[in-house]
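Engineer: what's the 3D shape of this:
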Amino acid sequence: MTVATREEVVQEARTWLGTPYQKMARVKGAGCDCGTLLLGIYQNMGLIVDEDLETYGHDWWLHVKEEFYLRHVVRHALQIAERVFYRTDTIAPGNLALCRVRSFKYNHGAIVTQWPLGVHAVYAGVKEVNLTTDPMWAYKEIALFDPWVKREAEKCLVR
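Structural biologist: Sure, this is the predicted structure:
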């Protein structure tokens with residue numbers, strides 16, 4: 001499987017801008033939510049296979065004890081980059097950013113485009129926002145995941 005570049009992921013994420021918010025939808029221009037946006041981007045790039053999502057409510061995070069969103073997103077992310085997806089402290093375009101919105105569990109995600117900017121889906125639709133000042137993201141712990149870390153390290157070893 002060919003792994004998309006950071007730039008290709010960012011370009012694809014930006015093509016979703018303006019897509020209306022629609023819970024559980026995953027169609028560019030027609031509707032998506034914050035989780036299906038991430039899946040839709042990687043699916044459209046041919047990096048993950050299509051999957052039926054289980055039904056979930058708007059307040060699902062109030063009713064779970066486990067990191068459901070984190071587990072679901074990372075499970076799919078494992079398919080993206082040769083089955084490797086690393087948590088990182090380095091912020092780079094294409095990274096996955098997760099935060100906790102009114103919850104003790106991760107329940108919202110974005111794709112970093114050019115720090116501090118990221119593409120995410122909210123009730124107003126898919127937007128590119130400043131992840132350090134936007135009210136949904138500001139002053140929150142942000143977990144970053146980078147599917148390219150291992151590949152770049154391997155390139156350095158080959159040189």
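Engineer: what is the one helix or strand Val129 maps to packed up against?
Structural biologist: Counting by DSSP states H and E, the element that carries Val129 is strand 125-130. Applying 3 or more C-beta pairs under 8 Å, 6 or more residues apart in numbering; DSSP states H and E, we find strand 125-130 packed against strand 117-122. Just so you know, the C-beta spots here come from the backbone N, C-alpha and C atoms, and that holds for glycine as well.
Engineer: tilt between the strand it packs on and strand 125-130?
Structural biologist: Angle between the axes of strand 117-122 and strand 125-130 is 150 degrees (criterion: axes from the mean of the first three to the mean of the last three C-alpha atoms, to 10 degrees).
Engineer: export the strand holding Val129 to CSV, keeping only CA atoms.
Structural biologist: C-alpha atoms of strand 125-130 as CSV (Å, rounded to 0.1, in the frame of the first residue of the first chain):
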residue,chain,number,x,y,z
GLY,A,125,-19.6,22.5,9.4
VAL,A,126,-16.1,21.6,8.5
LYS,A,127,-13.7,24.5,9.3
GLU,A,128,-10.0,25.2,9.4
VAL,A,129,-9.3,26.9,12.8
ASN,A,130,-6.5,27.9,15.0
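Engineer: flag every buried residue along stretch 31-51.
Structural biologist: Judged by neighbour count (16 or more other C-beta atoms under 10 Å), stretch 31-51 contains these buried residues: 31-43, 45, 47-48.
Engineer: below-threshold pLDDT in this structure: ranges please.
Structural biologist: 1-2, 46-89, 147, 149-159 (pLDDT under 70).
Engineer: could you pull out the strands in it for me?
Structural biologist: Here the chain has its strands, by DSSP state E, at 26-27, 31-32, 86-88, 96-99, 108-114, 117-122, 125-130, 143-146.
Engineer: how close does the residue nearest to Trp16 when sequence neighbours are not counted get to Val3?
Structural biologist: Nearest residue to Trp16, sequence neighbours excluded (C-beta to C-beta, 6 or more residues apart in numbering): Val126, at 4.7 Å. Distance of Val126 to Val3, given as C-beta to C-beta, to the nearest Å: 24 Å.
Engineer: more neighbours: which of the two?
Structural biologist: Val126 (26 against 15; other C-beta atoms under 10 Å).
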